[in-house]
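> Provided below for reference: sequence and predicted model.
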Protein chains: 2
Amino acid sequence: MANTAKFDRRQVLERATRLFWQKGFHATSTRDLQQAIDMRPGSIYAAFGSKSGLFREVLHFYTEEMSERLQQCLAEEGAILDGLRTFLRQILLQDGDNAPSELCLLAKSLSELDEGEAELLSETRALLAATEENFRCHLQSAIAAGELSAQVDPGLLARQLQVEMIGLRSYLRATGDRDAVRELADNLFAPLQPGSQ
Amino acid sequence: MANTAKFDRRQVLERATRLFWQKGFHATSTRDLQQAIDMRPGSIYAAFGSKSGLFREVLHFYTEEMSERLQQCLAEEGAILDGLRTFLRQILLQDGDNAPSELCLLAKSLSELDEGEAELLSETRALLAATEENFRCHLQSAIAAGELSAQVDPGLLARQLQVEMIGLRSYLRATGDRDAVRELADNLFAPLQPGSQ
DNA sequence: GGGGCGATTGAGCGGCCGTTCAAGTTGGCA
DNA sequence: TGCCAACTTGAACGGCCGCTCAATCGCCCC
């Protein structure tokens, strides 16, 4: 039970996430991964079981990290809607230089996985649903706090945010045109103005 | 100069398109392709040069086919805006059972290609830009025909359509929830009502 | 009917893939 | 200090990858 000289699981997941996020599941080879996370095949397979197993953990790690970033935005801004807007703006307009891809890792995986990797695909769908539900909860809180009219359907608005974010990030990858995205994003933020609708 | 017993290029492209559209570029092997298009490696490489070369033609074929489908919708409906709406509704709500993927092949390719396949990636970006420009032209015509207020910026509206379609198709793949997509699509169609704005 | 030539065939190349496992290394405990 | 178990290492496996090319086919013209 020595637990001798073990790797730093968090750092490994961070690095694996960056690589998968950049190249996608299929285009990332286990040798790429070995180099990126500085582990040999035996250790990787002992720790994660398979390439799919590692990817599974990466999907969860990524989702958890994004959720924490949202929490952080909410904590820094006073109002819930301000926090949400800050979070979305960060992803769309500021992360560009650091993030491994303009796209959301979950959306990218949803796009490339097929029935041949059924478990990863349904995992991805579940995490996207959880993300939407997370938005919905925060919007619900905004209504409860009087920031948003009680007329607003938080489930519908959460879905709209999800749809538009995925679309805008694709557009950013297609064109690299931040100004156009900034303009389009205003539509997205409009329903997040206090008292709107 | 005999051109003897040659394959039917159009049929080959149709079948290759279906396969690439379903599985994506990386996950489609040349052996999958050989079977799908019923050609042997030598013939494929003589005709298309490489897997990438075939994919390149597939991207163009797909874009051309979609553009023709839009033309057909415009011809069948009387008004331009009606034609556009019919086209978008078809893709979102009716193709589901026949199409190889809920997603647009161009958006899917944009997502999985990286700098390692730089030529295919820029090809994809160019075709997406052409699609947006195509929308813009039709919207411009709608303004000229008095179907749409001259206040509307056709470039901006075309961009919005592109963004929302990609987002909605992702959402459809994520959830399979046609009712939710139908509800969300109404926002998309609203600016396409005659005289809107 | 036979010769010529472009089109087609499919076995097979070198290489990378995901994965395994015998051998080696490390560190805590007696 | 010596032992054992936990952990790591990296060579190697079978298989699939994208692709090539010598051999064969089949049509057209003479």
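That came through fine.
> which stretches of chain A form helices?
With DSSP state H, the ranges of helices along chain A come out as A:9-23, A:30-37, A:41-48, A:51-76, A:80-89, A:105-112, A:118-144, A:154-175, A:178-189.
> Minimum distance to B:Ala144: which of those helices has it?
Closest approach to B:Ala144 among the helices of chain A (Cβ to Cβ): helix A:178-189, 23.7 Å. C-betas here are computed from N, CA, C, even on glycine.
> Hey, what's the angle from that closest one to helix B:154-175? Just curious.
Angle, helix A:178-189 to helix B:154-175, by axes from the mean of the first three to the mean of the last three Cα atoms, to 10 degrees: 60 degrees.
> among the helices of chain A, which is nearest B:Leu13?
If you check each of these against B:Leu13 by Cβ to Cβ, helix A:105-112 wins as the nearest, at 22.1 Å.
> was I right about A:Ala27 contacting B:Glu117?
No: counting by Cβ atoms under 8 Å, A:Ala27 sits too far from B:Glu117 to count as a contact (9.1 Å).
> re earlier: identify, out of the helices of chain A, the most deeply packed stretch.
Highest mean neighbour count of the helices of chain A: helix A:105-112, a mean of 25 (counted as mean count of other Cβ atoms under 10 Å in any protein chain shown).
> Where does pLDDT dip in chain A?
Within chain A, the ranges that satisfy pLDDT under 70 run A:1-5, A:194-197.
> Now chain A against DNA strand D: closest residue?
Of all residues in chain A, A:Gly42 sits closest to DNA strand D, with a separation of 2.2 Å (Cβ to the nearest atom of the strand).
> for A:Leu148, phi and psi?
Main-chain dihedrals, A:Leu148, degrees, to the nearest 10: phi -130, psi 140.
> should've said A:Gly78
Main-chain dihedrals, A:Gly78, degrees, to the nearest 10: phi -70, psi -50.
> Around it, count how many other residues there are.
Neighbour count of A:Gly78, defined by other Cβ atoms under 10 Å in any protein chain shown: 8.
> Kindly provide the distance from it to B:Gly42.
Here A:Gly78 is placed at a distance of 68 Å from B:Gly42 (Cβ to Cβ, to the nearest Å).
> Rebuild the helices of chain A as CSV, extending it with distance to B:Phe7.
Below are these laid out as CSV (distance: least, Cβ to Cβ, whole Å):
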stretch, distance to B:Phe7
helix A:9-23, 34
helix A:30-37, 37
helix A:41-48, 43
helix A:51-76, 37
helix A:80-89, 49
helix A:105-112, 29
helix A:118-144, 34
helix A:154-175, 33
helix A:178-189, 42
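> so which of those gets nearest chain B?
Counting by Cβ to the nearest Cβ, chain B lies closest to helix A:154-175 out of the helices of chain A; the figure is 3.0 Å.
> Is chain B within reach of that closest one?
Yes: on the criterion Cβ under 8 Å from any Cβ of the partner chain, helix A:154-175 is in touch with chain B at A:156, A:159-160, A:162-168, A:170-171, A:173-175.
> again with stretch A:132-139
No: Stretch A:132-139 lies out of reach of chain B by Cβ under 8 Å from any Cβ, never closer than 8.7 Å.
> got the contact list for that stretch?
Here stretch A:132-139 makes contact (Cβ atoms under 8 Å, 6 or more residues apart in numbering or on different chains) with A:67, A:70, A:74, A:80, A:83-84, A:148, A:152, A:154-155, A:157-159, A:161-162.
> ditto for stretch A:39-47
Contacting residues not belonging to stretch A:39-47 are listed as A:Phe7, A:Arg9, A:Val12, A:Thr30, A:Leu33, A:Gln34, A:Ile37, A:Leu54 [Cβ under 8 Å, 6+ apart].
> can you check stretch A:76-86 too?
By Cβ under 8 Å, 6+ apart, the residues outside stretch A:76-86 that reach it are A:70, A:73-75, A:135, A:138-139, A:141-142, A:145, A:147-148, A:161, A:189, A:192-194.
> Try it again at 6 Å.
Under the contact criterion Cβ atoms under 6 Å, 6 or more residues apart in numbering or on different chains, stretch A:76-86 has outside partners A:Cys73, A:Leu74, A:His138, A:Ser141, A:Ala142, A:Glu147, A:Phe189, A:Leu192, A:Pro194.
> now that stretch, how far from the centre of its chain.
In terms of Cα atoms, centre = their mean, to the nearest Å, the centre of stretch A:76-86 is found 18 Å from the chain centre.
> For A:Arg69, which non-adjacent residue is spatially closest?
Closest residue in space to A:Arg69, ignoring its immediate chain neighbours: A:Phe87 at 6.6 Å, by Cβ to Cβ, 6 or more residues apart in numbering or on different chains.
> Could you double-check that that neighbour lies in contact with A:Cys73?
Yes: counting by Cβ atoms under 6 Å, A:Cys73 is a contact partner of A:Phe87 at 4.1 Å.
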